[in-house]
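Engineer: Requesting a structural model of the entry that follows:
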Amino acid sequence: MASGSRALRTNTPLATRFAEDMHRRLRSGEWKVGDRLPSEALLCEEYNVSRATVRIGIRLLISQGLVRSRQGSGSYVTAAGSNVSAGLAELRSTTETIRQQGLTPAVQCRLSEMRTPTQECVDAFGLSATDRVLYLERAIRANGRIVAYCRDEIVDGVVPAPYLAERFCASLFDTLEAASGLRPAYSSSTICAVYDESIAWVAGEPEHPLYLLFRQAHFTEAGAPVVYSRDYFVDGAFTFSVRRVSPIRTRDKP
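Structural biologist: I've put the predicted structure just below:
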């Protein structure tokens with residue numbers, strides 16, 4: 001790339017602006033986990049900045065856990081540097097979240113069939129054990145890398161037949177809305193870490209079967225049940241954030 005071709009905004013310190021742009025490029029998937037970043041000399045030429053600016057910017061990325069430094073070798077992308085970020089309070093489809101990070105989502109559905117609901121789904125929606133749900137097993141990728149395995153139970157009647165797996169190789173929320181006009185408006189969720197070798201069905205992805213499991217019961221704005229999901233997010237592939245605030249304290253009047 002030509003010297004100085006990357007313009008940086010001028011409202012923050014130069015090293016911070018450099019680190020922000022490098023962060024954006026990491027999130028876009030320009031470099032994969034384990035990739036070595038360009039050398040200081042190349043980054044200086046690309047951004048038209050000094051070595052001191054580049055070094056400070058790289059230290060900022062290291063402090064955020066996005067890259068790590070190897071003495072005499074350079075700086076390398078960590079799993080955190082190439083993952084997808086989402087807020088816990090946001091109800092979006094996983095594919096939408098991936099797309100908003102500047103990455104390319106892809107969905108593979110390997111199973112779509114009518115069956116009786118799991119006990120979790122029965123309890124969440126107040127169903128009968130003899131009711132039927134449309135059960136899906138899907139894998140979601142970001143820039144070709146699997147970031148989640150999903151097991152979904154869609155309430156009978158939400159999606160009309162035929163129940164072909166290829167119908168569900170896209171955003172589930174978009175598919176539901178296109179099929180029935182229904183889109184989840186809120187969910188009741190629980191989160192826990194699990195180690196489960198039975199979840200993955202793509203060989204070698206992930207290397208270690210450690211996941212962050214989201215159990216989510218999705219409802220329409222009117223409170224009608226739509227889909228019960230168990231989303232297994234691959235450890236290190238997704239980062240979730242939550243904003244916490246201190247409770248308001250009141251003082252008794254004298």
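Engineer: Roughly how far does Trp167 sit from Asp235?
Structural biologist: For the record, residue 167 is Arg, not Trp. With distances taken as Cβ to Cβ, to the nearest Å, Arg167 is found 30 Å from Asp235. All C-beta atoms are positioned from the backbone trio N, CA, C, and that covers glycine.
Engineer: which stretches of the protein have low pLDDT?
Structural biologist: For the chain, applying pLDDT under 70 flags the ranges 1-11, 64-65, 79-90, 240-254.
Engineer: Okay, strands next: where are they in it?
Structural biologist: Secondary structure of the chain (DSSP state E): strands at 67-70, 74-77, 84-87, 105-115, 133-142, 145-155, 186-195, 210-219, 225-234, 238-241.
Engineer: I'd like to know how many residues surround Arg24.
Structural biologist: Other residues within reach of Arg24, judged by other Cβ atoms under 10 Å, total 12.
Engineer: Spatially nearest residue to it (excluding sequence neighbours)?
Structural biologist: Gly102 (7.4 Å; Cβ to Cβ, 6 or more residues apart in numbering).
Engineer: who are the neighbours in contact with Tyr211?
Structural biologist: Going by Cβ atoms under 8 Å, 6 or more residues apart in numbering, Tyr211 touches Tyr149, Ala193, Val194, Tyr195, Asp196, Ile199, Tyr232, Phe233, Val234, Asp235.
Engineer: got it, and Asp235?
Structural biologist: Counting by Cβ under 8 Å, 6+ apart, Asp235 touches Ala193, Pro206, His208, Leu210, Tyr211, Leu212.
Engineer: so the first one bridges to which residues?
Structural biologist: Meaning Ala193. Assessed by DSSP bridges, Ala193 has beta-bridge partners Leu212.
Engineer: What's the separation between Trp31 and Leu37?
Structural biologist: Applying Cβ to Cβ, the value for Trp31 to Leu37 is 7 Å.
Engineer: swap that for Ile199, please
Structural biologist: Distance, Ile199 to Leu37, using Cβ to Cβ: 32 Å.
Engineer: Which of Trp31 and Leu37 has more residues huddled nearby?
Structural biologist: A count of neighbours by other Cβ under 10 Å puts Leu37 above the other of Trp31 and Leu37, at 22 against 18.
Engineer: I'd say the more buried one and Gly74 touch.
Structural biologist: Yes - between Leu37 and Gly74 a contact is recorded at 6.5 Å, counting by Cβ atoms under 8 Å.
Engineer: Brilliant, that's me finished.
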